[in-house]
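Peer 1: need coordinates for the below:
(one chain, ligands or ions: 1)
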Amino acid sequence: MTIDPFETIETEIVRTCPLCGSSGIKLYNTLHDLVFESKGEWSVVQCSSSECQLLWLSQRPTIVDLHKAYRSYYTHDDGELRERKGIRFFLSRCKRVFVKSYIKCRFGYIHAGFVRIFLMELLAQLLPSGSDSLAIEGMLLPAIDQPRRLLEVGCGNGNMLKLMRELGWEVEGLEYDPKCKKLVEILGLRCSLGDIREQQYPSESFNAIYAGNVIEHVFDPVSFVKECSRVLKTGGYFVVLTPNAASFGHMYFNRDWRGLEPPRHLQLFNLRNLSKIVTDYGFELKIARTTNRGAWYILGMSTSIRKARYCGSRTAKSHIRMLSCGGLARQLLGRLIQAFLSNRGEELLLVAIKK
Ligand SMILES: [Zn+2]
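Peer 2: Residues are numbered from 1 along each chain as shown. This next block holds a predicted model:
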């Protein structure tokens, strides 16, 4: 373990691949956190095994000091609790009704006719981000005929859990951020604080676990997957979303790719190594693909990070212009790329079933 005398975040060196134990090859040096402006200079290496190719921070915050990397991290907005008036509230209500209707039709919560399903899918495809952005709100889980237990790891403000409860699930959240825990509890939902490996959930106690944008943040992703497998019932669903290290955005922006997010993203997966870690620990893959539902944000932020670096700025905030024609163009470009290069989407999406 080493202490960088110039910065306040204590770091430790990770010499071997957290998945396969191979050595790493230097990919990027002197990366800065231009998004949330935490202190430090970071390096990313790539696993030398051609079968693996995991990316990881070669010198990462220690588990004790990791919270310092989240000091200026966004806290999730207050979602359902914000002021209930105005055009934005009205539009968000309309969106929520449509999302819920779409999920009910697509995942079998209601027996919709062919015409209704066709129209819903058509409308969803007309959205800039396509149907994935709606389907993921339903956590890609099939309809249930009786209450089943669902755990969302990294549940943020609890908005997705609230929707899942409305669809009949017995829901529970898990968060690292005490502010999020409070927001989720105000919605009347149960939420625990900390890491899943600290919770001592009984074995086979959940029917589904959803972990969206979590696995890239955790220490020891292998034990994370093992613990999820242990607490899931046989036949239970494990849904994982995480940035795709083999995405078009990473290929194009390289060190400026938003998905790198040093020093909070401790490792970054591709479709092959993420599929392997999941299947190695008792799961059968049902869906393993990429999605570009957030291309407008990831490609937009990557553009901002690049501009900030060229200007010598330590923050990309002044360069962010998400709601623009450029943002729409990037989202449409993302969908076009995915149509021809299906494994180059900005996020990995896995749905696995416990064997
Ligand atoms: Zn490896």
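Peer 1: off-centre distance for the strand ranked longest in the chain?
Peer 2: Counting residues, the longest strand in the chain under DSSP state E turns out to be strand 232-243. The chain centroid and the centroid of strand 232-243 are separated by 13 Å under C-alpha atoms, centre = their mean, to the nearest Å.
Peer 1: other SSEs contacting the next helix or strand after that strand?
Peer 2: Downstream of strand 232-243, the next assigned helix or strand under DSSP states H and E is helix 248-253. On a contact count with 3 or more C-beta pairs under 8 Å, 6 or more residues apart in numbering; DSSP states H and E, helix 248-253 meets helix 295-311. Every C-beta, even on glycine, is put in place using the N, C-alpha and C of the backbone.
Peer 1: quick one: pLDDT of residue 114?
Peer 2: pLDDT for residue 114: 87.
Peer 1: what of the one 4 residues further on?
Peer 2: On the pLDDT scale, residue 118 is placed at 90.
Peer 1: check which helix or strand it maps to.
Peer 2: helix 114-126.
Peer 1: report all helices and strands that that helix contacts.
Peer 2: helix 86-106.
Peer 1: ok, now with 10 Å
Peer 2: Applying 3 or more C-beta pairs under 10 Å, 6 or more residues apart in numbering; DSSP states H and E, one finds that helix 114-126 contacts helix 86-106, helix 132-135.
Peer 1: mean neighbour count for the ones you listed - can I get that in a markdown table?
Peer 2: As requested, the helices and strands packed on helix 114-126 are exported to a markdown table (neighbours: other C-beta atoms under 10 Å):
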| stretch | mean neighbour count |
| --- | --- |
| helix 86-106 | 15 |
| helix 132-135 | 20 |
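Peer 1: distance to the ion and mean pLDDT for those - can I get that in a markdown table?
Peer 2: Shown next, in a markdown table, are the helices and strands packed on helix 114-126 (distance: least, C-beta to the ion, whole Å; pLDDT from 0 to 100):
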| stretch | distance to the ion | mean pLDDT |
| --- | --- | --- |
| helix 86-106 | 36 | 87 |
| helix 132-135 | 28 | 92 |
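Peer 1: residue 211 bridge partners, please.
Peer 2: residue 153, residue 240 (DSSP bridges).
Peer 1: which residues in this protein form helices?
Peer 2: 86-106, 114-126, 132-135, 159-166, 178-186, 221-231, 248-253, 271-280, 295-311, 325-340 (DSSP state H).
Peer 1: tell me which of those helices sits nearest to residue 29.
Peer 2: helix 295-311 (13.3 Å; C-beta to C-beta).
Peer 1: how far off strand 232-243 does the closest one point, in degrees?
Peer 2: Put simply, helix 295-311 runs at 40 degrees to strand 232-243, going by axes from the mean of the first three to the mean of the last three C-alpha atoms, to 10 degrees.
Peer 1: tally of neighbours for residue 253?
Peer 2: 20 (other C-beta atoms under 10 Å).
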